[in-house]
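[1] Sequence first, predicted coordinates after that:
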Amino acid sequence: MIKDPMLALMYHIERVQKETHDTFTLELQPRRGVEAKRFAPGQFNMLYVFGAGEVPISISGDPAKPRRLVHTTRAVGTVTKAMRKLRRGDVLGIRGPFGTSWPIEDTKGCDVVIVGGGIGMAPLRPSVYQLLSQKEEYGKLVLLYGARTPADLLYRQEMEQWRRSSDLHVDITVDRAPAEWRGNVGVVTTLIPKASFDPLSTIAMICGPEVMMRFTIMELQKLGVQDENIYISMERNMKCGFGFCGHCQFGPYFVCKDGPVFRYDRVKPFFAKGEI
């Protein structure tokens, strides 16, 4: 029996975690009788809040634990603001997973550089889980993460755990910071020249504001990383998840159907054009 992809499955909230002043994480479990769906790093779900509407949100949990569905989002619109008011035991509708994924399997034998900006760390987080679960298959693993201020950093405890691990090199920076901050200050691109990886054997995965991704790509190109080895997540204006509504048209592509993860060389001609 083929399940209707337009039909939402019911999940209940197990945990609500405040990340920053406007960002939160929901941990969801399928209700009794609902079969959890496996997902790949980089994919997204459509989350339906009863009485408010539906929004596309990247999956930010561990792909090895599909029954623990995790979503991190910012409260910026009607639906996500309603979602922030939900509590443990409340019910959400879930459609998905949808979209393309990060090229985890295709990067075996290579160094991997992950660059996240702000809430762009959420779609990248599942890739970190999967890479670490099979570290022996890869070369160097590098995670570079930037946010506006220390208060805007996501997953702070987990980041500290990763920083202490010998399997993953983690470097964090903020655009501005109070006097007591002892870390890096500056945009995330300043971390790239300091990182240790082989540009000729590196796969880069980038997610964040488009201006941040554009300058990150430029820095990687300066070091010799090839366009076909750079992947970006273009989560913008997605609404239906099927490419029907046209909100997310990006040149010849629909982000929800053909993305959200794209190989950079395929979108390079129109990536930096503001009118697209």
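    That came in fine, so what should we check first?

[2] Below-threshold pLDDT in this structure: ranges please.
    For the chain, the stretches with pLDDT under 70 are 1-3, 236, 273-276.

[3] Output the longest strand belonging to it.
    Assignment by DSSP state E gives strand 9-18 as the longest strand of the chain.

[4] As PDB, could you dump the C-alpha coordinates of stretch 36-43?
    The C-alpha coordinates for stretch 36-43 follow below in PDB (Å, rounded to 0.1, in the frame of the first residue of the first chain):
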ATOM      1  CA  ALA A  36       8.800   6.200  11.800                       C
ATOM      2  CA  LYS A  37      10.400   7.000   8.400                       C
ATOM      3  CA  ARG A  38      14.200   7.000   7.900                       C
ATOM      4  CA  PHE A  39      15.800  10.200   6.600                       C
ATOM      5  CA  ALA A  40      19.100  11.200   5.100                       C
ATOM      6  CA  PRO A  41      21.100  14.200   6.400                       C
ATOM      7  CA  GLY A  42      20.000  17.400   4.700                       C
ATOM      8  CA  GLN A  43      16.400  16.400   4.100                       C
END
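
[5] Buried residues in it, which are they?
    Neighbour-count burial for stretch 36-43, with 16 or more other CB atoms under 10 Å as criterion, is recorded at 36-37, 39-43. All C-beta spots, glycine's among them, are computed from the backbone N, C-alpha and C.

[6] cool, stretch 161-178 as well?
    Buried positions in stretch 161-178, judged by neighbour count with 16+ other CB under 10 Å: 162, 168-174, 177.

[7] and the gap between Arg32 and Gly186?
    Distance of Arg32 to Gly186, given as CB to CB, to the nearest Å: 50 Å.

[8] Of those two, which one has the most company?
    Gly186 (13 against 7; other CB atoms under 10 Å).

[9] just to revisit the earlier point, for the helix or strand just after the longest strand of the chain, name the packing helices and strands.
    Sequence order places strand 23-30 as the next helix or strand after strand 9-18, per DSSP states H and E. Helices and strands touching strand 23-30, as assessed by 3 or more CB pairs under 8 Å, 6 or more residues apart in numbering; DSSP states H and E, comprise strand 9-18, strand 69-74, strand 91-98.

[10] Just want the angle from the next helix or strand after strand 23-30 to strand 69-74.
    Where DSSP H and E defines the elements, the next helix or strand beyond strand 23-30 is strand 44-49. Orientation check (axes from the mean of the first three to the mean of the last three CA atoms, to 10 degrees): strand 44-49 against strand 69-74 gives 80 degrees.

[11] C-alpha coordinates for strand 44-49, PDB please?
    The C-alpha coordinates for strand 44-49 follow below in PDB (Å, rounded to 0.1, in the frame of the first residue of the first chain):
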ATOM      1  CA  PHE A  44      13.400  18.300   5.600                       C
ATOM      2  CA  ASN A  45       9.900  17.600   6.900                       C
ATOM      3  CA  MET A  46       6.700  19.500   6.600                       C
ATOM      4  CA  LEU A  47       5.500  20.200  10.100                       C
ATOM      5  CA  TYR A  48       1.800  21.000  10.600                       C
ATOM      6  CA  VAL A  49       0.500  22.900  13.600                       C
END
